[in-house]
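*Asks:* sequence plus predicted model, see below.
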Amino acid sequence: MEIKTNELDYNIFKRQEEKSGKNIIKRGVETIDFMIDGNSLLKKLTENDRNNDFMGCFSKGWNKLNEKSKNQLLVKTKPETENGRVLIYVCPECGDISCGALCCKIKKENGLYIWNDFAYENDYEEAIINKNIGTFYFKEKNYEETIIKLFSIME
């Protein structure tokens, strides 16, 4: 049985900074949204949730996050979550899982990268599994080129 593969791409967007007087209320950041088969993954993951204020795991000025994300997305280092999920969208203020993150498990096998088991996680509660989204299969070459390009764009 042949596996139907998905196309991984991205969209760059800017979270607008908000101020109240001289105080910054919301940090502005240039970041990415993963596009799978032409559809926003962030929109799909947050369609039934009030909170959709996340930044992608590759964002301008977030060099440590970008490096960590690249290595985890390419399955070169272990994910930081206890259950093996990789953070793909994080808090746009601090980038930390404590504020909550959208995650998935990623594995590489038979020339494919596989994303599944999507969830919302933080580091103090049980993960909330997203059952509305299935498994994605990406061809190794396209996937690796996209991840490396995103890393270099957001450096």
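*Replies:* Right, received. Where do you want to start? Residues are numbered from 1 along each chain as shown.

*Asks:* what segments of this protein are strands?
*Replies:* Along the chain, counting by DSSP state E, strands occupy 8-15, 18-20, 23-26, 29-36, 39-40, 55-56, 86-90, 101-109, 112-121, 128-129, 136-139.

*Asks:* turn these into a markdown table, columns for distance to residue 74.
*Replies:* (Each C-beta comes from the backbone N, C-alpha and C, glycine too.) Listed next are the strands of the chain as a markdown table, based on distance: least, CB to CB, whole Å:
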| stretch | distance to residue 74 |
| --- | --- |
| strand 8-15 | 12 |
| strand 18-20 | 34 |
| strand 23-26 | 31 |
| strand 29-36 | 14 |
| strand 39-40 | 22 |
| strand 55-56 | 16 |
| strand 86-90 | 10 |
| strand 101-109 | 8 |
| strand 112-121 | 8 |
| strand 128-129 | 24 |
| strand 136-139 | 12 |
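
*Asks:* among those, show me which one is buried the most.
*Replies:* Each of the strands of the chain was scored by mean neighbour count; the highest is strand 55-56, a mean of 26, by mean count of other CB atoms under 10 Å.

*Asks:* contacts made by that one with the rest, please.
*Replies:* Strand 55-56 is contacted by residues 10, 15, 29, 31-34, 42, 62, 88-92, 95 when judged by CB atoms under 8 Å, 6 or more residues apart in numbering.

*Asks:* can you tell me the strand partners of it and which way each runs?
*Replies:* Pairing partners of strand 55-56, with direction, according to DSSP bridges: strand 86-90 (antiparallel).

*Asks:* name the residues that touch the strand it pairs with?
*Replies:* By CB under 8 Å, 6+ apart, strand 86-90 touches 34, 41-42, 45, 54-57, 65, 69, 72-73, 79-81, 96-97, 99, 101-106.
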